[in-house]
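Student: structure of the sequence below:
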Amino acid sequence: MGDAMKSVTRRVIAWRRVLIILIAFGLVIVYQVVQINRSIRSANFIGCATNLRSLWQMQFNYAAQYGGPNQSLPTETGAAFWLTLQKTPKPMIEGYEPFF
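Tutor: As a prediction, the model looks like this:
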């Protein structure tokens, strides 16, 4: 019975090792998923900030080129404002891009 008990003990120890390795892999996978989600959020934030910066620059370019002596902006608001930037003789925005 001593050999049978040693065999069972070895199997239990082997399964414990397998379980520990699986838990470790699971933790690594969870950590990687969290890092990927952070990267995606950061990329979205940077993309949004870049688009806002471009829109801001287009406003001032419009005012400088087509705003007259007062360098005023179009009177339209919302989506119509951005469409106005596309309808100038030399469009501020190339092609019709859906901003909204």
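Student: distance of residue 30 from residue 36?
Tutor: For residue 30, the distance to residue 36 equals 11 Å [C-beta to C-beta, to the nearest Å]. For glycine as for every other residue, the C-beta is placed from the backbone atoms N, C-alpha and C.
Student: nearest the geometric middle of this structure, what residue?
Tutor: The centroid of the chain falls nearest to residue 44 when counting by C-alpha atoms, centre = their mean (2.4 Å).
Student: now for the top helix by length along the chain, which elements pack on it?
Tutor: For the chain, the helix with the greatest residue count under DSSP state H is helix 2-66. Using 3 or more C-beta pairs under 8 Å, 6 or more residues apart in numbering; DSSP states H and E, the elements in contact with helix 2-66 are helix 79-86.
Student: roughly how far is the helix or strand of the chain with the lowest mean pLDDT from the heart of the chain?
Tutor: Across the helices and strands of the chain, mean pLDDT, DSSP states H and E gives its lowest value to helix 79-86, namely a mean of 80. Distance, stretch centre to chain centre, for helix 79-86: 26 Å (C-alpha atoms, centre = their mean, to the nearest Å).
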